[in-house]
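Student: My questions concern the predicted model and sequence given below.
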Amino acid sequence: MEKDRFNDLIKEKLGNINLIIVSNREPTAHEYVGKKIKAVKSVGGLTIALEPILKNLHGTWIAYGGGGADKVVVDSEKKIKLPEGEESYTLKRVFLTKKDLNDYYYGYSNSVLWPLSHTVYVKPVFNSDQFLAYDEVNRKFADSIIEELKERSDKNGISSENIIWLQDYHLAMCAKYLKEYDSELKTSIFWHIPWPNPEIFSICPEKTKLLEGLLSNDLIGFHIIYHCQNFLRSCEWELEAQVNWADYSITYKGHKTKVTPFPISIDAVHLNHIAMSEKVDEIIDETQKNDEIIEPPYEYLAVSVDRLDYTKGIIEKLIAIDKLLERHPELIGKFVFVQFGVLSRVHIEAYKKFNDEIFRLSDDINWKYGTSEWYPIVRYFKQLDLEVYMAYYRLCDVMIATPLHDGMNLVAKEFIMSDTDYKGMLILSRFAGAAKELYDSLLVNPYDSECFAGKIYEGIMMDKEEKKKRVSKMQNIILENDIYDWAYNFLTALYLI
């Protein structure tokens, strides 16, 4: 959907609602740069999709304020108007203590719900005290929403319809407290990560409370139908709930919840234009003359861009590359794999061990195959500008996006829309939600290192015309269901409930 069409539809169909979007991550943080304060905008797809809606509807985004200068710039009600210079929507911040953050975010959210939802065999660390903190922070978010609802009602007298859209696994309990305040509120949540099968979910000590919290929503969205089915089965197993498989709804304690797949996407047209921009062309030219990131020479380039998370299959990629070089020694001195990444959740022990293993294994492979002038594995663990990533997307022969389990994987879609020269081929995990749409990629089981290595070789050697045919098909699929379609489809489905 074109952005202008999206904006027109939002005004036409939803112009009479009061929209409140709620997430853990804020769309813009304020940080000190020397003595000055700088607004730092989130680069995530969520901000790209949701900011235009809030601008058009003059809505409110409620989020955790984690920026160093966040408290300084807000008013007495913890609010600030955004974007700077336009001031078309309100950001309201929820401030948390260090203990809140440790127990709610690093604790229950990312040491329980994250590994529980991703089938990657990392054991969740259950802690009842951390669940209490998680629940309490969810109540804080709910209280902030209720404050906003009361203020709007006081200002407007007769209020427009209030619609609450919660984002992700950090806020599973929030709707429960909103419905206790007003049972007629329209509340929804989009769950951005997978939902596990009922056998896995059943080990969670707080499973009943989590399901009851989620079923307080009127609409729950997942990326793909399989995650919807897992959720419905979990409700059948754990609750005396009426599950209607005909319309994917659950009735529990007299309240009906719809469960629907909404595959998230990217701003496809915008990213495609950036990929073809003069700036990216200039970066490519400079990189080909003097590459400051990839030191060893190469004829064939493989690239991955991941947050350094144990769900992303980085270890499995390294093992597959070891197999590739073992089976095809003619690639030694010619093939380089660069893993771009950003450190993540280093406070959690599982992440520390994972990072250590990446360094150990990549060093071993470089020692095994490297020469005095060349080595196969390059690690680059710093944040780069989007245009730099896009330059490497256009330069590479294969892009490897092979998570062990992923709700969607937007990097795969970003690569396809950036592959304007049709030089590269996408190697994609069967266990990423994106595999349901991007079936013309080379699909792999990342645990099968022999097959994985074979697909890397196939991608490198694939004829350019074959790459162009496959990539063009995938580009059309993404263009037909971009980030604006996702946001519009979700909100209209909620509005019509």
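Tutor: Good, I have the coordinates.
Student: longest helix of the protein?
Tutor: In the chain, taking DSSP state H as the definition, the longest helix is helix 128-156.
Student: That helix - what's its average pLDDT?
Tutor: On average, the pLDDT along helix 128-156 is 91.
Student: helices and strands around it, which ones?
Tutor: strand 17-23, strand 60-64, strand 89-94, helix 98-100, strand 161-167, helix 174-181, helix 207-214 (3 or more Cβ pairs under 8 Å, 6 or more residues apart in numbering; DSSP states H and E). (Glycine included, C-beta is placed from N, CA and C.)
Student: who touches the helix or strand following the shortest one?
Tutor: This means helix 98-100. Using DSSP states H and E, the helix or strand that directly follows helix 98-100 along the chain is helix 114-117. By Cβ atoms under 8 Å, 6 or more residues apart in numbering, the residues outside helix 114-117 that reach it are 122-124, 169, 193-196, 200-201, 203-204, 311, 350.
Student: Just the CA atoms of the lowest-mean-pLDDT helix or strand in the chain, as CSV, please.
Tutor: Within the chain, no helix or strand scores below helix 45-57, which has a mean of 79 by mean pLDDT, DSSP states H and E. Output of helix 45-57 as CSV, limited to C-alpha atoms (Å, rounded to 0.1, in the frame of the first residue of the first chain):
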residue,chain,number,x,y,z
GLY,A,45,10.0,-1.3,11.6
LEU,A,46,7.5,-0.6,14.4
THR,A,47,8.2,3.1,14.4
ILE,A,48,8.1,3.3,10.6
ALA,A,49,4.6,1.7,10.6
LEU,A,50,3.0,3.3,13.7
GLU,A,51,4.2,6.9,13.6
PRO,A,52,2.2,7.8,10.5
ILE,A,53,-1.0,6.5,12.2
LEU,A,54,-0.4,8.5,15.3
LYS,A,55,0.4,11.6,13.3
ASN,A,56,-2.8,11.4,11.4
LEU,A,57,-5.0,10.6,14.4
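Student: Now do it against strand 161-167, angle only.
Tutor: 170 degrees (axes from the mean of the first three to the mean of the last three Cα atoms, to 10 degrees).
Student: Run through the neighbouring helices and strands of helix 45-57.
Tutor: helix 3-14, strand 17-23, strand 60-64, strand 89-94, helix 483-495.
Student: still on that earlier bit, can you give me the angle the longest helix of the chain makes with strand 17-23?
Tutor: Using the same axes, to 10 degrees: helix 128-156 against strand 17-23 is 160 degrees.
Student: How far away from the center of its chain is helix 128-156?
Tutor: 24 Å (Cα atoms, centre = their mean, to the nearest Å).
Student: in it, what's buried?
Tutor: 130-131, 133-135, 137-138, 140-142, 144-146, 148-149 (16 or more other Cβ atoms under 10 Å).
Student: Same check on stretch 104-119?
Tutor: 104-118.
Student: First-to-last residue distance for it?
Tutor: 21 Å (Cα to Cα, to the nearest Å).
Student: does residue 311 really touch residue 120, like I thought?
Tutor: Yes - Residue 311 is within contact range of residue 120, at 5.2 Å (criterion: Cβ atoms under 8 Å).
Student: And stretch 346-353, what's buried?
Tutor: 348, 350-351.
Student: distance between that stretch and the chain's centre?
Tutor: 20 Å.
Student: what do you get for stretch 307-320?
Tutor: That offset, for stretch 307-320, works out to 17 Å (Cα atoms, centre = their mean).
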